[in-house]
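Peer 1: Below: sequence and its predicted model.
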Amino acid sequence: MLTSYYCERMGLTEKKYKLTRWRVLLYLCLILPYSCNYSGRQTIVYINSYHEGYPPSDEAMRAIREAFPEEEYNLQIRFLDAKRNPSPEWLSQAADSFANEISGLKPGAVILSDDDAVKHMRSFIEKNPTIPFVFCGVNWSAQQYNLPRRNVTGMLEVLPLRQAIHELIKIYPDSWNIAILSENSLSEQNNTLLLDTLYRNLGLTPEYHLVDDFGSWKERFAMLQTTADLIYIPTNGAIAGWDAAEAQSWVEANIKKPVFTCDDFMMPFAVFGLTKIPREQGEWASSSVKKILRGTSPEDIRFTSNSLSKKWLNQTLADKIGLIPDSELINDTTIIQ
């Protein structure tokens, strides 16, 4: 009776009324998923292990932001802040908070950058096999996290460390030991285990100096000028009280040995650098997420590692230690003063 009533009111036959009703239902089925999700914008969650202002993750994050513009995507960014707040309690609580948010947002994919985010979201990844996860910036290997391949893919961060050491050994063939002076963080603790064999296979004996504060870094830096043949300074983000201007002055006043790095933001304190390009990580992660949104399964996107690098020479510090680079080292090298 209701159908006849509405047909009469709208001037339709019952057959045309039913056809119109089905068309409306079909239209609603097509548009409702998008209208309920920010007017068609797909939600992407990005969890950065560190904080805004830490150069390597800033470059990767910039690439991610550019790949997911606001008018097309609902990009939600969260910071784990592991460099400044490394306590297990803080990181566990932050990860739990992010997990609750992700459950409510129902994102098309989640990007995790660097080791801390992957480690502390590991349980949530396992419990949510229908959510795709893409990681980037995990150092050297992800085997320690035993990630489920069905919903995870990623790009490892492999530093051009072997190549950098090769370049320096050509100049300093009598080098027998290498000192690693860095922050006391999860990533650097992992690296002492992952890279020990690399150093030894190159004929070097490594010693590790992972410090918590700037005063300790300065003290170790000065000491190593008399005990080490090569000094590798990977990063400084978790070193409490770090003062870039004071560090640069301290290095210039105390440097005697070849100090090198694989991160460009450390070049004011190093003679030589063969560095990664962090943006590559963000670009790859963004590209992979877009493939997933188009229907590709994460397990069909193979794990990979970065391939781009850049060569640097700090001329001021090279002069301090009497390093006169040959034409091969200078080739395609960015010179800074």
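Peer 2: Received the coordinates, thanks.
Peer 1: Could I get the phi/psi values of residue 261?
Peer 2: Here is the backbone geometry of residue 261 (degrees, to the nearest 10): phi -150, psi 170.
Peer 1: Number of residues surrounding it?
Peer 2: Residue 261 sits with 28 neighbouring residues when counted by other Cβ atoms under 10 Å. The way it works is simple: take the backbone N, C-alpha and C, and place the C-beta from them, glycine included.
Peer 1: can you check residue 103 too?
Peer 2: The local packing of residue 103 (other Cβ under 10 Å) involves 13 other residues.
Peer 1: That one is in what secondary structure piece?
Peer 2: helix 88-105 (DSSP states H and E).
Peer 1: quick one: contacts of that helix?
Peer 2: Contact with helix 88-105 is made by 43, 45, 47, 76, 78, 80-82, 85, 110, 116, 120-121, 124, 128, 131, as judged by Cβ atoms under 8 Å, 6 or more residues apart in numbering.
Peer 1: What ranges does the stretch 51-200 of the chain have for its helices?
Peer 2: According to DSSP state H, counting those that start in this stretch, the stretch 51-200 of the chain carries its helices in the segments 55-67, 88-105, 115-127, 161-171, 186-194, 196-201.
Peer 1: Now for residue 224: which residues touch it?
Peer 2: Counted by Cβ under 8 Å, 6+ apart, residue 224 has contacts 179, 181, 209, 231, 257.
Peer 1: Apart from its chain neighbours, what residue comes closest to the fourth one?
Peer 2: By that I understand residue 231. residue 259 (4.5 Å; Cβ to Cβ, 6 or more residues apart in numbering).
Peer 1: any idea how far residue 292 is from that neighbour?
Peer 2: 42 Å (Cβ to Cβ, to the nearest Å).
Peer 1: Of these two, give the one with the bigger neighbour count.
Peer 2: Comparing residue 259 with residue 292 by other Cβ under 10 Å, the one with more neighbours is residue 259, at 27 against 20.
Peer 1: Next, the contact list for that one, please.
Peer 2: Listed by Cβ under 8 Å, 6+ apart, the contact set of residue 259 reads 231, 232, 233, 251, 269, 270, 271, 272, 317.
Peer 1: Residue 169: which of the residues you listed is nearest?
Peer 2: For the contacts of residue 259, the residue nearest residue 169 by Cβ to Cβ is residue 272; the value is 11.7 Å.
Peer 1: That closest one - nearest residue in space that isn't next to it in sequence?
Peer 2: residue 260 (4.5 Å).
Peer 1: could you pull out the helices for the stretch 201-337 of the chain?
Peer 2: Under DSSP H, counting those that start in this stretch, the stretch 201-337 of the chain gives helices at 214-227, 244-254, 279-293, 315-321, 327-330.
Peer 1: Nearest to residue 59, out of those helices?
Peer 2: Smallest distance to residue 59 across the helices of the stretch 201-337 of the chain (Cβ to Cβ): 4.7 Å, for helix 279-293.
Peer 1: Show me the contact partners of the closest one.
Peer 2: With contacts defined as Cβ under 8 Å, 6+ apart, helix 279-293 is touched by 42, 44, 59-64, 67-68, 108-109, 111, 113, 132, 134-137, 153-155, 157, 298, 301, 304, 306-308.
Peer 1: the inter-axis angle of that helix versus helix 55-67?
Peer 2: 40 degrees (axes from the mean of the first three to the mean of the last three Cα atoms, to 10 degrees).
Peer 1: And helix 279-293, what's buried?
Peer 2: Applying a neighbour-count criterion of 16 or more other Cβ atoms under 10 Å, one finds 279-286, 288-292 buried in helix 279-293.
Peer 1: same thing with stretch 205-220?
Peer 2: Within stretch 205-220, the residues that qualify as buried are 206, 208, 209, 210, 211, 214, 216, 217, 218, 220, counting by 16+ other Cβ under 10 Å.
Peer 1: returning to what we had before: show me which of the contacts of residue 224 are buried.
Peer 2: Buried by 16+ other Cβ under 10 Å: 179, 181, 209, 231, 257, out of the contacts of residue 224.
Peer 1: How much space separates residue 72 from residue 40?
Peer 2: Per Cβ to Cβ, residue 72 is found 9 Å from residue 40.
Peer 1: And residue 51, by the same measure?
Peer 2: Residue 51 sits at a distance of 32 Å from residue 40 (criterion: Cβ to Cβ).
Peer 1: So those two - more neighbours on which side?
Peer 2: residue 51 (16 against 13).
Peer 1: Just give the nearest non-adjacent residue to the more buried one, would you?
Peer 2: residue 81 (4.9 Å).
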